[in-house]
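Peer 1: Quick one, what's the 3D model for this:
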Amino acid sequence: MEFIIPVLVVLGIVVVLPIVVVALMYNHLVSLRNRVTESWSNVDTELKRRYDLIPNLVETVKGYAAHERAVFERVVEARARAVASNGRPAEQAADENQLVGSMKSLFAVAERYPDLQASRNFLALQEELTDTEDRIQAARRFYNGNVRDYNNSCQSVPTNLIAGMFNFQKADFFEIESAVMRQAPKVGLGPA
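Peer 2: Numbers count the residues shown, from 1 in each chain. Alright, predicted model coming up:
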């Protein structure tokens, strides 16, 4: 009888401990995957905010440069593709980068019109877009940080064994350019 209690304790440790360890690693991977999903929704929210600003920006520029029809059409088409894109982050990044490129063309057109550059409406839209771009980049960095942590756990021993057993897939990073060009402040170093 004295022999049975230590055997049951050892048997309990040998059977229960691995189950607990597997459950903890699985729960950790689920938590990381959920963080990736949540942070992607933050990126998506900021991208939608950008999509909402673009038609107003196009209309404002169109009022000053109506003959630049091809640029406006490219922006509208790229926006439509980006709005409709709902694939993996890497696929959506391609559509977003096309949108960014077309918006840079729109800003290049705007630079040719001094009256437009002085328009309060245009300046307010440009400031709102700059703020939105900053928010997109912050959300993107947060998302990519969560992707890095999740992918590291999926690829590191021993959690990679659990990730493989339960089909945890590698997450994609989201890399896009900013739609607005920031100019460095000009500093005069001449005599005072």
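Peer 1: Could you work out the end-to-end span of stretch 162-177 for me?
Peer 2: Chord length of stretch 162-177, first to last residue, is 35 Å (CA to CA, to the nearest Å).
Peer 1: now that stretch: mean pLDDT?
Peer 2: The average pLDDT within stretch 162-177 is 94.
Peer 1: Do you have the helices of the chain handy? List them.
Peer 2: Per DSSP state H, the chain carries helices over the ranges 4-64, 69-84, 89-111, 114-118, 120-155, 159-165.
Peer 1: Quick check: which ranges of the chain have low pLDDT?
Peer 2: Along the chain, segments meeting pLDDT under 70 span 1, 181-192.
Peer 1: export stretch 143-155 as PDB, just CAs?
Peer 2: The C-alpha trace of stretch 143-155 is given here as PDB (Å, rounded to 0.1, in the frame of the first residue of the first chain):
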ATOM      1  CA  TYR A 143       0.100  45.000 -36.100                       C
ATOM      2  CA  ASN A 144       3.600  44.100 -37.400                       C
ATOM      3  CA  GLY A 145       4.900  43.800 -33.800                       C
ATOM      4  CA  ASN A 146       2.100  41.400 -32.900                       C
ATOM      5  CA  VAL A 147       2.800  39.400 -36.100                       C
ATOM      6  CA  ARG A 148       6.500  39.200 -35.200                       C
ATOM      7  CA  ASP A 149       5.700  37.900 -31.700                       C
ATOM      8  CA  TYR A 150       3.100  35.400 -33.100                       C
ATOM      9  CA  ASN A 151       5.500  34.200 -35.800                       C
ATOM     10  CA  ASN A 152       8.300  33.800 -33.400                       C
ATOM     11  CA  SER A 153       6.200  31.700 -31.100                       C
ATOM     12  CA  CYS A 154       5.000  29.600 -34.100                       C
ATOM     13  CA  GLN A 155       8.600  29.000 -35.200                       C
END
